[in-house]
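Chemist: I would like to see how this sequence folds:
(one chain, ligands or ions: 1)
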Amino acid sequence: MAGVCFHSTLVTGANRGIGLGFVRHLLALPNPPEWVFATCRDPKGQRAQELRDLASKHPNLVLVKLDVANPSEIVNAAKIVEGKLNGAGLNLLINNAGIFTPVSLETVDSEEMIRAYKTNAVGPLLMAQAFLPLLKKAAQDSKDKRLSCNKAAIINISTLLGSIERTPESYFKPVISYRCSKAALNMLTRCQALTYSEAGILCVALHPGWVKTDMGTQEADLTVDTSVRGLLSVLPILSEKHSGMLLNWEGKAIPW
Ligand code: NDP
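Modeler: A predicted model of the protein is given here:
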């Protein structure tokens, strides 16, 4: 991680699981970001206690209330972040918040499909729209000529379960709303990469592995620390050739 500096980073769903792991590891970097914006639905609530404890020790950590399924909260969060950045741009937007419901083709209904899309696909879309001016600003102000996470990047935390090609091997877990919404997120990532590269913004979807969190359960393969360490070591190697791809926590490409 030597030489890497994410000057300013925003993480959604930062109060637990992988999101909280990102915040912890970013703050512990030898060269930590000037600003870490940790967003969550209820920064004053019980579930954000660990974030508040971190904020009391790290003046560069800012907690922002943000439900990614609520468009007006997204716009509001962008205004708060813009105010803190005080004329600077946002380098890294990590769309991490996500929901997972164990439904099959037989049990899923329209409400569940819409709920999953709103959080897992529409949320990241609206986040990128709202934070685009700040990401563009970071890209413009950067000396880097090439796309990079040092310059400006959107990282969509996706999943292997959203890969259409790899579905048969994991279909013993149908999780229809989750798979469809994450496949939509993968498509969104490709479209964002094609659109935003002109503005100097790299866009990548990352699969964190199967991780021991509330979502992944304790049966999962990886600890949050191993996954996040892996993801954070992938970020510095990302360039033009990765933009619009789905990669895993070790940097290996996953087919759509
Ligand atoms: P957790 O269930 O442990 O945490 C989910 C986080 O997302 C929580 O902070 C939760 O906040 C937040 N969240 C959910 N809905 C919203 C919303 N509408 N607005 C804002 N925040 C919200 O999940 P993980 O940490 O395991 O997952 C993080 C990401 O990694 C997800 O996108 C997931 O799909 C992906 N992933 C995880 C894998 C795993 O094995 N764990 C495997 C592959 C991908 P709150 O506390 O308010 O509910």
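Chemist: Residue ranges in the protein under the pLDDT threshold?
Modeler: Scanning the chain for pLDDT under 70 picks out 1-4.
Chemist: those helices in this protein, which residues are they?
Modeler: Taking DSSP state H as the criterion, the chain carries its helices at 17-28, 49-57, 71-85, 110-117, 123-141, 167-170, 176-196, 224-234.
Chemist: Reformat those into CSV and put distance to residue 245 next to each item.
Modeler: (Each C-beta comes from the backbone N, C-alpha and C, glycine too.) CSV is the format used below for those (distance: least, C-beta to C-beta, whole Å):
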stretch, distance to residue 245
helix 17-28, 19
helix 49-57, 30
helix 71-85, 25
helix 110-117, 22
helix 123-141, 16
helix 167-170, 18
helix 176-196, 8
helix 224-234, 11
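Chemist: And those: which comes nearest the ligand?
Modeler: Checking the helices of the chain against the ligand by C-beta to the nearest ligand atom gives helix 17-28 as the closest, at 2.3 Å.
Chemist: List the residues that contact the residue in the stretch 51-200 of the chain that the ligand sits nearest to.
Modeler: Taking C-beta to the nearest ligand atom, the ligand has its nearest neighbour within the stretch 51-200 of the chain at residue 98, 2.4 Å off. By C-beta atoms under 8 Å, 6 or more residues apart in numbering, the contact list for residue 98 reads 13, 119-120, 157, 182, 215.
Chemist: Contact residues of the stretch 101-250 of the chain facing the ligand?
Modeler: 119, 157, 159, 207-208, 210-211, 213-216, 220 (C-beta under 6 Å from any ligand atom).
Chemist: Tell me the one among those nearest to residue 171.
Modeler: Checking those against residue 171 by C-beta to C-beta gives residue 159 as the nearest, at 13.7 Å.
Chemist: wait, doesn't the closest one sit right on residue 206?
Modeler: No. Between residue 159 and residue 206 there is no contact under C-beta atoms under 8 Å: 9.4 Å.
Chemist: Share the number of residues neighbouring residue 146, please.
Modeler: The local packing of residue 146 (other C-beta atoms under 10 Å) involves 12 other residues.
Chemist: mind checking how far it is from residue 200?
Modeler: 9 Å (C-beta to C-beta, to the nearest Å).
Chemist: tally of neighbours for residue 198?
Modeler: 8.
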